[in-house]
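Trainee: okay, sequence plus prediction incoming.
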Amino acid sequence: MSTSDTFLAVFLGSKTSAKMAAWNALSEAERRTREQQGIAAWKAWVEKHQAAIVAMGGPLGKTKKVDSNGIADIANEMGAFTVVRAGSHEAAAKLFENHPHFAIFPGERVEVMPVLPIPGG
């Protein structure tokens, strides 16, 4: 496969969303139970799609914005990333249907985009 078959999946969710508020409203015991279910489901997802995963990626930390005004701390919805290979953009997106990020955890969505070849590269 070429780089045109490589896709970046970005896991998104807002700390102020209704899903996150509902998650935070759970009892500690219920949240731990769901976390365990989510971790098990995520591991199962990785196992199922292992052949397509190029880089597991991982959680993303705090964001710094750099622009003409300098450097500033900001918040965004990006929480994690994974890199996959698939035959098409649609096929790559289908890998994330019902993903535990939003099916169990309070994440809102996964956005999948092609990694384009570098011109002249």
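Mentor: That came in fine, so what should we check first? Numbers count the residues shown, from 1 in each chain.

Trainee: centre of the chain to the longest helix seen in the chain, how far?
Mentor: In the chain, with assignment by DSSP state H, the single longest helix is helix 28-48. Mean-position distance between helix 28-48 and its chain equals 15 Å (CA atoms, centre = their mean, to the nearest Å).

Trainee: also stretch 103-115?
Mentor: Centroid separation between stretch 103-115 and its chain, computed with CA atoms, centre = their mean, is 5 Å.

Trainee: how about that stretch: buried residues?
Mentor: 104-108, 110, 112 (16 or more other CB atoms under 10 Å). Just so you know, the C-beta spots here come from the backbone N, C-alpha and C atoms, and that holds for glycine as well.

Trainee: pull the residues that contact it.
Mentor: By CB atoms under 8 Å, 6 or more residues apart in numbering, the residues outside stretch 103-115 that reach it are 3-4, 6-14, 17, 19-20, 22-23, 34-35, 37-38, 41, 77, 79, 83-84, 89, 92-93, 95-96, 99, 101-102.

Trainee: quick check: mean pLDDT of the helix or strand just after the longest helix of the chain?
Mentor: Later in the chain than helix 28-48, the nearest helix or strand by DSSP states H and E is strand 53-59. When pLDDT is averaged along strand 53-59, the result is 95.

Trainee: mind listing the helices for this protein?
Mentor: All helices of the chain, identified by DSSP H, fall at 18-25, 28-48, 89-94, 100-103.

Trainee: I'd like those laid out as TSV, including mean pLDDT.
Mentor: As requested, these are exported to TSV (pLDDT from 0 to 100):
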stretch	mean pLDDT
helix 18-25	96
helix 28-48	97
helix 89-94	98
helix 100-103	97
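
Trainee: please identify which of those helices is closest to residue 73.
Mentor: helix 18-25 (20.0 Å; CB to CB).

Trainee: if we can go back for a sec, turn the buried residues of stretch 103-115 into JSON lines, including pLDDT and distance to residue 28.
Mentor: Converted to JSON lines, these look like this (pLDDT from 0 to 100; distance: CB to CB, whole Å):
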{"residue": "104", "pLDDT": "97", "distance to residue 28": "17"}
{"residue": "105", "pLDDT": "97", "distance to residue 28": "16"}
{"residue": "106", "pLDDT": "97", "distance to residue 28": "15"}
{"residue": "107", "pLDDT": "96", "distance to residue 28": "20"}
{"residue": "108", "pLDDT": "97", "distance to residue 28": "23"}
{"residue": "110", "pLDDT": "98", "distance to residue 28": "27"}
{"residue": "112", "pLDDT": "98", "distance to residue 28": "34"}
